[in-house]
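>>> Need a 3D model of the following:
(2 chains)
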Amino acid sequence: MLPRAEIAHWLFGAGFLFFGLVILSEAIVGPEVFRRRLWRACLSPSLALLAGVWLWVIAIFSTFSTLHLIAHSMWAQAATAAGAVQLAVVLGRLRSPYWSLVTSGVLFVSGAAFLVHEQNGWLFARSAFLHHLIGWTLIVASLLPLGEALRPRRPVWTVGLAATWIAIAVMLFSDRDVAPIFGHLSDLAGGGLP
Amino acid sequence: MRRALAAVACLALLLPAAASAHATMREATPAEQGRVETPPTEVRLRFDQAVTAPPRGIVVYAANGRVVSGAVTTERGGTVMRTFVKGLVRGEAYTVRWREISADGHVGTGVFTFGVGVDPPPPTEAVGASGMTWRDDVARWALFASLALLIGVVGIRLLVLPRTVDPRVERRVHMLGTFGAVAAVNAGILGFVLRSANALQVSGVDLLYADLSPFAESTRFGIAFLVTTLGFGVCLTILAVAWVLDQPALRWPAFLLALALVWGFPLSGHQATEPNSSLLGEVADWVHLVTAMLWVGGVLTLAVVVWPLAPALRRAAFLRFSRIAVGLIAVLVVAGTVVAIERLPEVADLWETSYGRTLLVKLGLVLVALSWGGIHHTFVRPRLERGESSPGVGRSLIGESAVAMAVLLAAAVLVNGAPPPVETGGDAAVSPRARS
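The predicted structure is shown next:
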């Protein structure tokens, strides 16, 4: 019944890559040009909302430990909250730049959930290393929307966010359940055995 | 102070990174909730990484609680734990309780059953599993209260209030409905985890690393949990989109989906599992739940949305809700009576069993709530119809809402309790918590 973990990671990697490229496009041409078409303005928040629904699917497949179930449900709620707020911002329903703080909080909570849900140390296996890296990347990236809230409309925040999602996509593509990292694989890993 | 808080937050994030090596069980032989035709001679558990087997790492119990397993050993570099079993006979079901110590010192736990020549019972009926506790009742109550917000408040907005209302009313309805969806999904997760913990017999950190998959995949409540979690997640997204696009009509699909998801309760509860269950009972249970949520949600909407935010809307909203409340309560009582008759075939069960006594408490609270509503209907409604002011109604509605919440708590205790055994063709379905 359970899909293999790396397949879920690759699917999300593809989604995040597209998401990052959309944000990067907006950063390159500027929000005024990018948001001339409504569908383009709504694209990245809608993707976040869609990711929220997809994460619920993953959550219900994650009952092999209580921790995984809770972590995936947190990501699902975080993606829904961030997507809804961002969609409301691009549609003009919410106007204050301080709404970026929601995205900041969501990134922080998501990063913390990544770190808490990874039960292994950094060098246990490749997936463990990347989970830690993704967790810390998200926590550091939570500063970007914070910057957007305090100093709005500076391209550096958008470029930073786009780079974050592209980097996370690469990390997820590199993810495998058990594989050496820097030539190291914990003796405890045991995944290569039948 | 801020620096101290930041330091604590950073430490909290570093702690999980320092944890190492926690294992997950990948395969069991015999399979979890599986049926084998010949008695096995060993039980093997394969993990995704090496584990240390504690002295009683695998214990296999016969249905009467007798231990049929021996010492535990590991092989294949510690990734497989095994124990020999003896004295297993055809026609019996067995419980396997396992514990492993991962490299980080965390103890992974799990429980499953298997049958030899028979279908095994669900893991909730494993040897050593305990019944529901007050924590399950609180989680169920939280779920019911969340549904009262999601179905009740959103439903009353769609069915009772005018198409165009004060934006503040619309905002609060959005807020309460969305909060209801978030709370429903989290209360559902909490209820599922607690119910699994009763069978696993673990708590605290051990529960965080416990394997819940046998409960999710092999029990009615687990399957209902999977479907409703996904469904309420979708409801949450639809409500968020309705708010963002300012399209109240988009709440219809969320409302209808939530109504459909309530069907998960009768399908996984007594109405589907007791020996004398019937389709009529399941339908009556669903109708009972839905009408209760609409009634409670309606009173809540009047108390916390219409009265404080829209004085101009009070009269119309109260009169409209008053009209449909009579019908709702009639259907609620009829459906509840059908369910009660099915669960309590003898009148004496009402005072002789704990289930019956809980039902009496619930009926008492319902009578208080109905009397409160009756006073509103008899005294407040005519005054509002005449256009006269009716001071104190807002506070009275809050009081009625509080009683309605108490009714939901009694309903949660009742749903989690076991009804008295029902004789069906000479067999009695004995439930441990029924007769006290």
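>>> At which residues are the helices of the stretch 1-150 of chain B located?
According to DSSP state H, counting those that start in this stretch, the stretch 1-150 of chain B carries its helices in the segments B:2-18, B:134-147.
>>> what's the least confident stretch among these?
Here the lowest mean pLDDT among those goes to helix B:2-18, at a mean of 43.
>>> now the strands for chain B?
B:25-29, B:35-36, B:42-47, B:58-62, B:69-75, B:80-85, B:92-101, B:107-116, B:423-424, B:427-428 (DSSP state E).
>>> pLDDT weak spots in the stretch 1-150 of chain B?
B:1-22, B:103-105 (pLDDT under 70).
>>> same thing but at 90, please
Scanning the stretch 1-150 of chain B for pLDDT under 90 picks out B:1-27, B:47-56, B:75-79, B:87, B:100-108, B:122, B:124-125, B:128-133.
>>> TSV for the strands of chain B, including mean neighbour count?
Yep, even glycine has a C-beta here, placed from its N, CA and C like the rest. Listed next are those as TSV, based on neighbours: other CB atoms under 10 Å in any protein chain shown:
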stretch	mean neighbour count
strand B:25-29	17
strand B:35-36	16
strand B:42-47	21
strand B:58-62	22
strand B:69-75	16
strand B:80-85	22
strand B:92-101	23
strand B:107-116	23
strand B:423-424	11
strand B:427-428	10
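>>> Just send those back as TSV, with distance to chain A too.
What follows is the strands of chain B, written out as TSV (distance: least, CB to the nearest CB, whole Å):
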stretch	distance to chain A
strand B:25-29	8
strand B:35-36	18
strand B:42-47	7
strand B:58-62	18
strand B:69-75	10
strand B:80-85	8
strand B:92-101	11
strand B:107-116	8
strand B:423-424	33
strand B:427-428	33
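>>> among those, which is nearest residue B:280?
Nearest of those to residue B:280, taken as CB to CB: strand B:423-424 at 16.2 Å.
>>> if we can go back for a sec, I'd like the strands of chain B written out as a markdown table, with distance to residue A:39 added.
Converted to a markdown table, the strands of chain B look like this (distance: least, CB to CB, whole Å):
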| stretch | distance to residue A:39 |
| --- | --- |
| strand B:25-29 | 44 |
| strand B:35-36 | 53 |
| strand B:42-47 | 48 |
| strand B:58-62 | 57 |
| strand B:69-75 | 57 |
| strand B:80-85 | 54 |
| strand B:92-101 | 51 |
| strand B:107-116 | 47 |
| strand B:423-424 | 60 |
| strand B:427-428 | 62 |
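>>> what about residue B:131, how many residues close to it?
For residue B:131, the count of nearby residues is 13 (other CB atoms under 10 Å in any protein chain shown).
>>> doesn't residue B:201 make contact with it?
No. Contact between residue B:131 and residue B:201 fails when scored by CB atoms under 8 Å: they sit 12.0 Å apart.
>>> ok, now which ones touch residue B:63?
Going by CB atoms under 8 Å, 6 or more residues apart in numbering or on different chains, residue B:63 touches B:92-95, B:127.
>>> nearest to residue A:125, of the strands of chain B?
strand B:42-47 (14.0 Å).
>>> Would you check how far apart the closest residue to residue A:166 other than its chain neighbours and chain B are?
Closest residue to residue A:166 apart from its sequence neighbours, by CB to CB, 6 or more residues apart in numbering or on different chains: residue A:20 at 3.8 Å. Plainly put, residue A:20 is 22 Å away from chain B if you go by CB to the nearest CB, to the nearest Å.
>>> Doesn't residue A:20 belong to a helix?
Yes. Assessed with DSSP: H, G, I helix; E, B strand; the rest coil, residue A:20 lies in a helix.
>>> Quick one: residues contacting it.
A:162-166, A:168-169.
>>> let's go with 10 Å and repeat that
Going by CB atoms under 10 Å, 6 or more residues apart in numbering or on different chains, residue A:20 touches A:44, A:161-170.
>>> Tell me which of the residues you listed fall in helices.
Residues of those located in helices (DSSP state H): A:44, A:161-170.
>>> Just the buried ones out of the residues you listed, please.
The neighbour count (16 or more other CB atoms under 10 Å in any protein chain shown) marks A:44, A:161-169 as buried among these.
>>> Please identify which pair of those lies farthest apart.
Within those, A:44 and A:167 form the most distant pair, 16.4 Å apart (CB to CB).
>>> What is the neighbour count of residue B:301?
By other CB under 10 Å, 29 other residues sit near residue B:301.
>>> Quick check: closest non-adjacent residue to residue A:59.
Nearest non-adjacent residue to residue A:59 (CB to CB, 6+ apart): residue A:72, at 3.7 Å.
>>> From residue B:150, how far out is that neighbour?
According to CB to CB, to the nearest Å, residue A:72 stands 21 Å off from residue B:150.
>>> Show me which of these two is the more surrounded one.
residue B:150 (33 against 22).
>>> How about the contacts made by residue A:27?
Residue A:27 neighbours (CB under 10 Å, 6+ apart): A:34, A:155-163.
>>> Go again with 8 Å.
Contacts here follow CB under 8 Å, 6+ apart; on that basis residue A:27 touches A:155, A:158-159, A:162.
>>> still on that earlier bit, now the residue nearest to residue A:59: how far from residue A:61?
According to CB to CB, residue A:72 stands 8 Å off from residue A:61.
>>> So for the lengthiest helix in chain B, what gets flagged as buried?
Secondary structure assigned by DSSP H gives helix B:167-200 as the longest helix of chain B. Residues B:169-170, B:172-174, B:176-200 are the ones in helix B:167-200 that count as buried (16+ other CB under 10 Å).
>>> Next: stretch B:147-160.
B:147-158, B:160.
>>> For that stretch, which outside residues touch it?
B:173, B:176-177, B:179-181, B:183-184, B:232, B:235, B:239, B:248, B:251-252, B:254-255, B:258-259, B:262, B:289-290, B:292-298, B:300-301, B:305, B:317, B:320-321, B:324, B:404, B:408.
>>> Could you tell me the end-to-end distance of that stretch?
Chord length of stretch B:147-160, first to last residue, is 18 Å (CA to CA, to the nearest Å).
>>> And that stretch, how far out from the chain middle?
How far stretch B:147-160 lies from its chain's middle: 20 Å, per CA atoms, centre = their mean, to the nearest Å.
>>> give the contact list for residue A:163.
Contacts of residue A:163 by CB under 8 Å, 6+ apart are A:20, A:24.
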